[in-house]
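1. 3D model of this:
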Amino acid sequence: MNCRDYQHMISRLVDLELKATASAELFEHLGKCAQCREFFDNLMRLNLELDNAQAPVALEREIGDQLSEKLGKKRELQVIRTAQIRFDRWRTAALLALMVLITGLFWSMTLPMQSEDRFGVPRETPQTEMPNYQP
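-> Numbering: from 1, shown residues only. As a prediction, this is how the structure comes out:
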């Protein structure tokens, strides 16, 4: 076998696809060949760096999921609160309109009945003169 074959074996070893008998043969070769040993070291280092790089990605994904869940709940509460505020505004406007209507009706009924003007002076009832009618 040549170094290229051993490097393929190293890749399978890292992927946990190499059988025990082939592993023994590979480690025997690594003890003798500096080039394959360097390839093995670089591949193991790269594999370790990839594992370390994936941990923050998984953590970031988990944090992102939790954050979006909380933001979704916050958005839902915000929509409910906005609907409540709109309902309160409409209810207040309806009550004010009703009060204005009732006040207007009250004033329209009481004004003709007042015998005094706003300064307290008695109102004079208009006297209509009947023309002298002679047949």
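2. host element of Leu43?
-> When elements are assigned from DSSP states H and E, Leu43 belongs to helix 34-110.
3. And that helix, what does it pack against?
-> Helices and strands touching helix 34-110, by 3 or more Cβ pairs under 8 Å, 6 or more residues apart in numbering; DSSP states H and E, are helix 3-14, helix 20-32. (Each C-beta comes from the backbone N, C-alpha and C, glycine too.)
4. From those helices, pick the one with the highest average neighbour count.
-> Greatest average neighbour count among the helices and strands packed on helix 34-110 goes to helix 3-14 (a mean of 16), per mean count of other Cβ atoms under 10 Å.
5. Taking helix 34-110 as reference, get the angle to that one.
-> Taking axes from the mean of the first three to the mean of the last three Cα atoms, to 10 degrees, one finds helix 3-14 and helix 34-110 inclined to each other by 40 degrees.
6. So for Ala93, which of the helices and strands packed on helix 34-110 sits nearest?
-> helix 3-14 (72.2 Å; Cβ to Cβ).
7. so where's this protein uncertain?
-> 52-59, 110-135 (pLDDT under 70).
8. chain center to the helix holding Leu43: distance?
-> Centroid separation for helix 34-110 versus its chain: 2 Å, with Cα atoms, centre = their mean, to the nearest Å.
9. Could I get the helices and strands packed on helix 34-110 in a markdown table, plus columns for distance to Asp88?
-> Shown next, in a markdown table, are the helices and strands packed on helix 34-110 (distance: least, Cβ to Cβ, whole Å):
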| stretch | distance to Asp88 |
| --- | --- |
| helix 3-14 | 65 |
| helix 20-32 | 74 |
